[in-house]
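Trainee: Sequence unavailable; structure follows:
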């Protein structure tokens, strides 16, 4: 599946992004793009996008990333609303004391002692002894079984 996404170029603290068409499985910072569709320079606010090529790849089924979708809506290449982009938080959301006070405490019932399981009858030892006597001589043992 093809995607239209940004790939970062440039130097440290000087980002520069290319808008590319690539396979979804290619890594974001590497991999050979199918085609370069333009660039975005966030420092100087310059943008250059090939509108015809972008519309062609969208018609071929390429899915734009959320950031590229917002960029295409901003440049009026496609119609639609911008999508909110939120970063994943590394910390788990903590419960505040107000929220924990709202939750009613459920009474804990004491555990009932488990009923003992019915005992299974032990295997008859006589049959096991007879079976071991039958296989006691090496000539009678099936191949692949070694006895010590």
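Mentor: On my side now, so go ahead. Just so it is clear, the model here is predicted, and its values are computed rather than measured.
Trainee: Next, the contact list for residue 26, please.
Mentor: Residues near residue 26 by C-beta atoms under 8 Å, 6 or more residues apart in numbering: 32, 33. Heads up, the C-betas are built off the backbone N, CA and C, glycines and all.
Trainee: so it sits in a strand?
Mentor: No. Counting by DSSP: H, G, I helix; E, B strand; the rest coil, residue 26 falls outside a strand, being coil.
Trainee: Offset the numbering so it begins at 457, please.
Mentor: With 457 as the first residue, the last one maps to residue 482.
Trainee: and it, how far is that from residue 517?
Mentor: Computed as C-beta to C-beta, to the nearest Å, the residue 482 to residue 517 distance reads 17 Å.
Trainee: same check, this time on residue 504
Mentor: 24 Å.
Trainee: Residue 529 now?
Mentor: Taking C-beta to C-beta as the measure, residue 529 falls 19 Å from residue 517.
Trainee: Of those two, which one has the most company?
Mentor: Neighbour count, other C-beta atoms under 10 Å: between residue 529 and residue 517, residue 529 has more, with 16 against 8.
Trainee: so that one makes contact with residue 522?
Mentor: No. Counting by C-beta atoms under 8 Å, residue 529 sits too far from residue 522 to count as a contact (10.8 Å).
Trainee: show me where this protein has helices.
Mentor: With DSSP state H, the ranges of helices along the chain come out as 507-515, 522-530, 553-558, 581-590.
Trainee: any idea which of these scores lowest on pLDDT?
Mentor: Mean pLDDT values for the helices of the chain show the minimum at helix 581-590, a mean of 56.
Trainee: neighbours of the nearest residue to residue 527 once chain neighbours are set aside, just the number please.
Mentor: If the residues on either side of it in the chain are set aside, residue 527 comes closest to residue 496, at 6.8 Å by C-beta to C-beta, 6 or more residues apart in numbering. A count of nearby residues for residue 496, using other C-beta under 10 Å, gives 19.
Trainee: now do residue 543
Mentor: 5.
Trainee: cool, residue 501 as well?
Mentor: A count of nearby residues for residue 501, using other C-beta under 10 Å, gives 7.
Trainee: repeat for residue 478
Mentor: Counted with other C-beta under 10 Å, the neighbours of residue 478 add up to 21.
Trainee: Who are the contact partners of it?
Mentor: By C-beta under 8 Å, 6+ apart, the neighbours of residue 478 are 458, 459, 461, 463, 487, 488, 489, 490.
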